[in-house]
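Trainee: my questions concern the predicted model and sequence given below.
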Amino acid sequence: RRDAIDLSLKASTALGSEGYGMRVSRDAIHISAPKVAGLFYGVQTLRQMLPPEIESGVAMKRPLQVQCVHIQDSPRYAWRGLMLDCSRTFLSMDYLRHTIDLMALYKLNVLHLHLTDDQGWRLQINRDPKLTSVGAYCAKRFGGGGGFYTQQQMRDLIAYARKRNVTIVPEIEMPGHSQEVLTAYPQLACPVPGQKAAFQVAPFWDFISQHHFSQPLCVCNGEVFEMYRNILSEVIALFPSRFIHVGGDEVPKDAWNASPLCQSFMKANGLKSAEELQSYFMKRIEKVISAKGRRMIGWDEILEGGLAPGATVMSWRGTRGGLAAARAGHDVVMAPNPYTYFDYTYHTTPTQKVYSYNPAEGFTPLRRSGAWAPARRQHGPSSGPRRSGTRTPSTCTTPTSRPPTRYRTFRTPPWRSASGPAACRPRGRPCR
């Protein structure tokens, strides 16, 4: 038909489940794809080709023109993600929905929600209500702010995201970054002779000022494992995502090394170091997750002491952890902080640097221009690493006079629009 937009499910399966073809002629616009997700992304490309006024919500009274093109496009990576830290800054459902809308426009398909950390437990857990009644709110001396999401609110958000081809992956941090858990359930801390620890939920700047990480959970205490097994059962029942994130980063080992309980546990189980103790715990957690048909993913510290067989690694401390995991046959999501952390300043992470990010090949500085360009890794094509995708975190932990959501809205979109091309591989040519 003339002057029509035609959508059809009959493109080549070679485009994959998220690929599409688009042909804009003088008479009509045709978008075809083998799957509905591909049609959805084809429409997002069309949106990007139209004048920016179409996003204003106001009906336009003038005709719209679209450049004649022929495009065949498919994503470069299966995981094209954005992380929001809802623990350190509690974010409204309206803000999360707005973020999902922007992700869909830029063809990002995984929203990684950092739901638990020292600054607050943000997800309702029916079996352990004190996680939210106590652990979701800062101590009164810090103003008592905070909040959490009910399971019904999260179900509604998951459904909202699914309609926009976005999967929500929850992160339940363990065994470190758990001050909020120990505030609610102090018996889960390691008993250390001569020490009587007091716990409270405090804002991030308070931890920064003290220059140390919080005490971890006592993984030698059987109650800790049982509690997290039950938590994960509720989380897995709520989130349909294939992956469940378990954190595993920045775990100080002092309390474990000083605890007679942990030292006895390590000796009984043949564990030679605190790193092996953490690995022992994470491997048990991985079995819980895999038994329910899901896959565990964690920060690159889970490599230390030995990686669980089915684990996926999210590499954030540069690229080394991701490369090591990939060489060992594990899937990897690349999120190296020099390129993908959006809570840094523009001076630290200029938009040009984000645009040039290549998860598959890494980067090297071009001496004369000062720019960044892809550089082939030394491991060679025969030992090329397996990568599932790339992810860009936005944590908003830097103190600012602006309200946090305004701070994020101001800083994140330019980087987010830059990270989209790094995760997709557009291919097109103008019509003749």
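Mentor: Yep, it's here.
Trainee: going by C-alpha atoms from here, please, whenever you check contacts or count neighbours.
Mentor: OK.
Trainee: so how far is residue 113 from residue 80?
Mentor: 14 Å (CA to CA, to the nearest Å).
Trainee: between these two, which is the more surrounded one?
Mentor: The residue with more neighbours, out of residue 80 and residue 113, is residue 80; 27 against 21, by other CA atoms under 10 Å.
Trainee: ok, that one to residue 179 distance?
Mentor: The gap separating residue 80 from residue 179 is 30 Å, by CA to CA.
Trainee: swap in residue 53?
Mentor: 46 Å.
Trainee: could you do residue 286 as well?
Mentor: In terms of CA to CA, residue 286 sits 22 Å off from residue 179.
Trainee: repeat that for residue 94.
Mentor: Taking CA to CA, one finds residue 94 at 28 Å from residue 179.
Trainee: same check, this time on residue 103
Mentor: For residue 103 relative to residue 179 (CA to CA), the value is 31 Å.
Trainee: which of those two has more neighbours?
Mentor: Between residue 103 and residue 179, counted using other CA under 10 Å, residue 179 has the larger neighbour count: 28 against 25.
Trainee: which residues does that one contact?
Mentor: Applying CA atoms under 8 Å, 6 or more residues apart in numbering, we find residue 179 in contact with 117, 118, 119, 199, 200, 201, 214, 215, 216.
Trainee: with residue 325 instead?
Mentor: Residues in contact with residue 325, defined by CA under 8 Å, 6+ apart, are 303, 313, 331, 332.
Trainee: in the chain, where is pLDDT below threshold?
Mentor: Within the chain, the stretches with pLDDT under 70 are 207-212, 361-432.
Trainee: and the helices in it, which stretches?
Mentor: Ranges of helices within the chain are 36-49, 93-105, 130-133, 151-162, 179-184, 204-210, 222-238, 254-258, 260-268, 274-291, 320-327, 337-340, 351-355, 404-423, based on DSSP state H.
Trainee: in the second one, what's buried?
Mentor: Okay, so that is helix 93-105. With burial defined by 16 or more other CA atoms under 10 Å, the residues of helix 93-105 counted as buried are 96, 99, 100, 101, 102, 103, 104, 105.
Trainee: quick one: that helix to helix 36-49, angle?
Mentor: Between helix 93-105 and helix 36-49, the angle comes out at 90 degrees (axes from the mean of the first three to the mean of the last three CA atoms, to 10 degrees).
Trainee: contact partners of helix 93-105?
Mentor: Helix 93-105 is contacted by residues 41, 44-45, 47-48, 82, 109, 111, 157, 160-161, 164-166, 405 when judged by CA under 8 Å, 6+ apart.
Trainee: if we go to 6 Å?
Mentor: The contact list for helix 93-105 (CA atoms under 6 Å, 6 or more residues apart in numbering) reads 44, 164.
Trainee: any idea how far stretch 96-105 is from the chain center?
Mentor: 14 Å (CA atoms, centre = their mean, to the nearest Å).
Trainee: ditto for stretch 84-104
Mentor: That offset, for stretch 84-104, works out to 12 Å (CA atoms, centre = their mean).
Trainee: now do stretch 281-298
Mentor: Offset of stretch 281-298 from its chain centre (CA atoms, centre = their mean): 17 Å.
Trainee: quick check: buried residues in it?
Mentor: 281-283, 285-289, 294-298.
Trainee: just list whatever residues bridge to residue 84.
Mentor: Note on residue 84: beta-bridge partners by DSSP bridges are residue 113, residue 394.
Trainee: now do it against residue 158, distance only.
Mentor: In this structure, residue 84 and residue 158 are 15 Å apart, going by CA to CA.
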